[in-house]
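Enquirer: A predicted structure for the sequence below; I have some questions about it.
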Amino acid sequence: MKKTFVVLLALVVFLALFACTKASAQQSAEGITVSGQSYKLGDTGPAGGIVFYDRGFTEGGWRYLEAAPAGTEFTAVWGPITRVAGTETKVGSGKRNTQLIVEVLGENGKAAQLCASLNVNGHNDWFLPSRDELDLIHNTLKQKGLGNFLSRFYWSSSQNDSNSGAAWAQSFSDGYQREDDFNKKNTYFVRAVRAF
């Protein structure tokens, strides 16, 4: 009886250690996963969009960026000619940029606010991409024929540093980015993104 109990206990301990070792080895080999899944560029993300960026590690609650599905694309103005202090251009700044824009402008029907209020497949954490995030979308998706992007101008959430009336936009026909000619009152295309 004691022998059977010892054997069963040893078996339970062995199985528990095996499960932990296997999970740890899988995490090391594949990197940190999101909801048990790893993603590659061009994969369908958890909200049904397309993954366009993998920074290779999880920090601040995210590793990947996903562009919203093509059917969610819309046109909008950036906003009025009002300075929104603190917007940045780098990858990873789009979410904070969008929060700043919505806080300062507080207006419905503008690019950042429409992104922030978007709900796609139960996900409502969308934002207007920063200048560099928008460029990644162009280079990673549009140039490879992914995501059904149009050869039009798309807004970013990055404001012109020297002109409160302009913001960065990008041509998806040739990839050209400009800030000086893009008046915030112009209507351009918008594709929201989310981090996960």
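Expert: Structure's in. What do you need?
Enquirer: quick check: buried residues in stretch 161-177?
Expert: For stretch 161-177, the neighbour count (16 or more other Cβ atoms under 10 Å) marks 166, 167, 168, 169, 170, 172, 177 as buried. Backbone N, C-alpha and C define where each C-beta goes, glycine included.
Enquirer: wasn't the fourth one part of a strand?
Expert: Yes: under the criterion used here (DSSP: H, G, I helix; E, B strand; the rest coil), residue 169 sits inside a strand.
Enquirer: can you map out the helices along the chain?
Expert: Counting by DSSP state H, the chain has helices at residues 2-30, 94-105, 111-116, 131-140.
Enquirer: next up, the contacts around the closest residue to residue 45 other than its chain neighbours.
Expert: The shortest distance from residue 45 to any non-neighbouring residue, by Cβ to Cβ, 6 or more residues apart in numbering, is to residue 66 (3.4 Å). Contacts for residue 66 (Cβ atoms under 8 Å, 6 or more residues apart in numbering) come out as 45, 46, 47, 49, 50, 51, 52, 193, 194, 195, 196.
Enquirer: of the residues you listed - the most surrounded one?
Expert: residue 193 (29 neighbours; other Cβ atoms under 10 Å).
Enquirer: which strand residues bridge the residue nearest to residue 45?
Expert: residue 51, residue 194 (DSSP bridges).
Enquirer: quick one on the thing from earlier: which among the buried residues of stretch 161-177 gets closest to residue 61?
Expert: Taking Cβ to Cβ as the measure, residue 61 sits nearest to residue 168 out of those, at 25.3 Å.
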